[in-house]
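In: give me a 3D structure for the following:
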Amino acid sequence: MAPAVKVYGWAMSPFVARALLCLEEAGVEYELVAMNPEAGDHLRPDFLAKNPFAQVPVLEDGDLTLFESRAIARHVLRKHKPELLAGDGSPEAAAMVAVWLEVEAHQHHAPTDAIIVQCIVVPLRGGVRDQAVVDENVAKLRKVLEVYEARLSASMYLAGDSLTLADLSHFPMMHYFMETEYAALVEELPHVKAWWEELNARPAARRVTAIGVQAADRWAQERGKQ
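Out: Model (predicted):
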């Protein structure tokens, strides 16, 4: 019997990885419906009916269809592993999870994404990175990570002393960032480094990474045949 939960997208996407990571952490059986961005699968009418913004991932959970990776993550954990949204279960703990999820979305994501795009995505597409953009966003990210260092020196995790979605939501972008030469920003901060290494070592994170590597290998093979 096919799983009731389906995720549409390409596994190399950090946004798809965010959804998959939460499903893996929650132990939910799911099917990844592989799509090809170069073939324009996200622009086909059947996909646009699921997400009119033509972005991945899309999650189907029975009769429910969701898009936006952070919304998907919250839904999956609210349904299957709510402790990852609420810490110790108190309103105060849940509020701290919400705060650091906002920090990830509005402080951490933009500079990290800019560095990844310039250092990894642009060269893969045959372009030349804009070093001025990289330098500007490295400076921004350094300041953000210094705030993280202070926070993680006072608590084991961002929202307190237990792992939550506030931590997990960072994994997909951090995974790619750590493949750039600017990984030293993390290595220089002992509490951030320890936090990242623990995230990266989680079994669910390793499974999601393996799925992405397999997808990247298939993509490279297909491109090589063209």
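In: ranges for the strands of the protein?
Out: Counting by DSSP state E, the segments of the chain that form strands are 5-9, 30-34, 58-61, 64-67.
In: can you list the residues that contact the first one?
Out: Residues from elsewhere that reach strand 5-9, judged by C-beta atoms under 8 Å, 6 or more residues apart in numbering: 15-16, 19-20, 23, 28-33, 35, 47, 50, 56-61. (C-beta placed from N, C-alpha, C; glycine too.)
In: residues contacting residue 176?
Out: For residue 176, counting by C-beta under 8 Å, 6+ apart, the contacting residues are 14, 116, 120.
In: remind me which residues of this structure are low pLDDT?
Out: Per-residue confidence of the chain (counting by pLDDT under 70) places the weak regions at 1-2, 219-226.
In: returning to what we had before: of all the strands of the chain, which lies closest to residue 134?
Out: With C-beta to C-beta as the measure, strand 5-9 is the member of the strands of the chain nearest residue 134 (26.7 Å).
In: only the C-alpha atoms, please, for the closest one, written as CSV.
Out: Output of strand 5-9 as CSV, limited to C-alpha atoms (Å, rounded to 0.1, in the frame of the first residue of the first chain):
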residue,chain,number,x,y,z
VAL,A,5,2.0,11.1,2.7
LYS,A,6,3.7,12.3,-0.5
VAL,A,7,6.3,15.0,-1.0
TYR,A,8,6.7,16.5,-4.4
GLY,A,9,10.1,18.1,-5.3
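In: what strands line up against it, and which way round?
Out: Strands flanking strand 5-9 in the sheet, each with its direction: strand 30-34 (parallel), strand 58-61 (antiparallel) (DSSP bridges).
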